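**Student:** Quick one: sequence and predicted model below, then my questions.
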Amino acid sequence: MKKISLLLLSALMAVCVFTSCSEDDDDKIVGVWKHEGREIADVKVEGDNQEAIAILKNIIEHGYIGQTVTYDFKKDGTFFLQEKYDDDDYVDTWDGKYWFTDDKISLSDINGSDVESYSYSFDGKKTLYLYEDYTSEYANFPVVLENGDEVGVEKLVVRYKYVKQ
């Protein structure tokens with residue numbers, strides 16, 4: 001009987017811990033987050049070619065210069081996304097919904113379609129990282145080296161950093 005009580009107590013504690021983690025993330029995400037940079041989180045190329053990795057790193061870290069991205073996550077599960085390019089000459093906005101499932105945050109348009117899911121993590125209360133897997137996009141586009149050789153991309157995950165405003 002004592003073992004059963006301990007098992008039930010352990011199960012109850014586990015449920016409370018997992019429930020509180022997702023609630024914490026729900027609360028942490030609320031607010032305005034401004035994009036502060038991106039970097040390669042995980043990469044694998046044919047032959048572990050360092051020149052190809054350096055080219056990918058340059059593309060990821062220095063691409064879209066002049067782009068400003070801001071998310072405004074609301075407590076009711078909605079968000080507003082604004083992307084500005086080249087000193088406000090081009091502005092794109094998107095209203096949508098967000099939700100957490102397992103270790104992912106999913107974003108959709110306001111109608112619930114066009115869903116994008118990202119792995120995520122927090123560094124304290126002021127830094128959010130979204131991870132996007134580009135492996136399938138880059139599978140058909142090899143990296144062209146300076147000498148003209150092509151190197152295939154086997155895995156590419158990009159980490160986007162957002163800072164709470």
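**Tutor:** Noted; the coordinates are in hand. Numbering: from 1, shown residues only.
**Student:** Using CSV, write out every CA atom in stretch 148-158.
**Tutor:** In CSV, the C-alpha atoms belonging to stretch 148-158 read as follows (Å, rounded to 0.1, in the frame of the first residue of the first chain):
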residue,chain,number,x,y,z
GLY,A,148,33.6,25.8,-58.7
ASP,A,149,33.2,22.4,-56.9
GLU,A,150,29.8,21.7,-55.4
VAL,A,151,29.3,20.4,-51.9
GLY,A,152,26.0,18.9,-50.8
VAL,A,153,24.3,20.1,-47.6
GLU,A,154,23.2,17.1,-45.4
LYS,A,155,21.9,19.1,-42.4
LEU,A,156,21.3,22.8,-41.7
VAL,A,157,19.6,24.2,-38.6
VAL,A,158,19.5,27.9,-38.0
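**Student:** Which positions in it come out as buried?
**Tutor:** 151-153, 156, 158 (16 or more other Cβ atoms under 10 Å). No exception for glycine: its C-beta is placed from N, CA and C like everyone else's.
**Student:** go on, stretch 133-148?
**Tutor:** 133-134, 138, 143.
**Student:** Pick the one among those residues closest to residue 112.
**Tutor:** Among the buried residues of stretch 133-148, residue 133 lies closest to residue 112 (Cβ to Cβ), at 22.2 Å.
**Student:** Name the nearest of the buried residues of stretch 148-158 relative to residue 41.
**Tutor:** Looking across the buried residues of stretch 148-158 and measuring by Cβ to Cβ, the closest to residue 41 is residue 158, at 6.4 Å.
**Student:** Which secondary structure state does that closest one sit in?
**Tutor:** strand (DSSP: H, G, I helix; E, B strand; the rest coil).
**Student:** again, but for residue 53
**Tutor:** Residue 53 ends up helix, using three-state DSSP.
**Student:** my guess is it meets residue 46, correct?
**Tutor:** No - with contact defined as Cβ atoms under 8 Å, residue 53 does not reach residue 46; the gap is 10.9 Å.
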